[in-house]
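**Q** Next come a sequence and a model predicted from it.
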Amino acid sequence: MAHRASSLSVLLPALKGNCMKKPEEELELHLRPRAVETVSIEIPKDTLASLKKVAARRDMSYQALLKLYVG
C-alpha cells in the first residue's frame with residue numbers, strides 16, 4: 001500500500017456571487033494525504049468509451065472521472 005507523505009495546500013480565489021461576506025478574499029484548501037492502493041477493474045469496452053467521452057467534455061482524464069464517481 002502506497003502512502004503520500006506530503007501535505008498540500010492551495011489558495012483558491014473565492015467565487016463572486018456566492019454567499020461569502022468577502023468574495024475577493026482567498027480560501028485555503030488543505031488536502032490531507034491518505035493511504036492509496038492501486039486496483040484494476042474490468043469495464044465493458046462500450047462503457048469505457050462512454051466514460052472517455054464524458055471525461056473529454058469535462059476536460060478531464062477518464063481516470064480522474066472514475067475516481068470522482070467512486071469517491
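**A** Sure, I can see it. These figures come from a predicted structure and were not determined experimentally.

**Q** Same question for residue 33, what's its three-state structure.
**A** Judged by DSSP: H, G, I helix; E, B strand; the rest coil, the three-state class of residue 33 is coil.

**Q** Now for the closest residue to residue 62 other than its chain neighbours, how many residues are close by?
**A** Among residues not flanking residue 62 along the chain, residue 55 sits closest, at 4.2 Å (C-beta to C-beta, 6 or more residues apart in numbering). Where C-beta positions appear, they are placed from N, C-alpha and C, glycine not excepted. Applying the criterion other C-beta atoms under 10 Å, we find 17 residues in the vicinity of residue 55.

**Q** who are the neighbours in contact with residue 55?
**A** Residues in contact with residue 55, defined by C-beta atoms under 8 Å, 6 or more residues apart in numbering, are 61-62, 64-65.

**Q** Select from the residues you listed every entry located in helices.
**A** When helices are assigned by DSSP state H, the members of those inside them are 62, 64-65.

**Q** Buried ones from the contacts of residue 55, can you make that a ChimeraX selection?
**A** With 16 or more other C-beta atoms under 10 Å as the burial test, the buried ones among the contacts of residue 55 are selected in ChimeraX as follows:
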select :62,65
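
**Q** re earlier: roughly how far apart are the residue nearest to residue 62 and residue 44?
**A** Taken as C-beta to C-beta, to the nearest Å, the spacing of residue 55 relative to residue 44 amounts to 16 Å.

**Q** what's the answer for residue 50, then?
**A** With distances defined as C-beta to C-beta, the gap from residue 50 to residue 44 amounts to 9 Å.

**Q** same check, this time on residue 27
**A** Taking C-beta to C-beta as the measure, residue 27 falls 40 Å from residue 44.

**Q** Ok, residue 28 next?
**A** Residue 28 sits at a distance of 41 Å from residue 44 (criterion: C-beta to C-beta).
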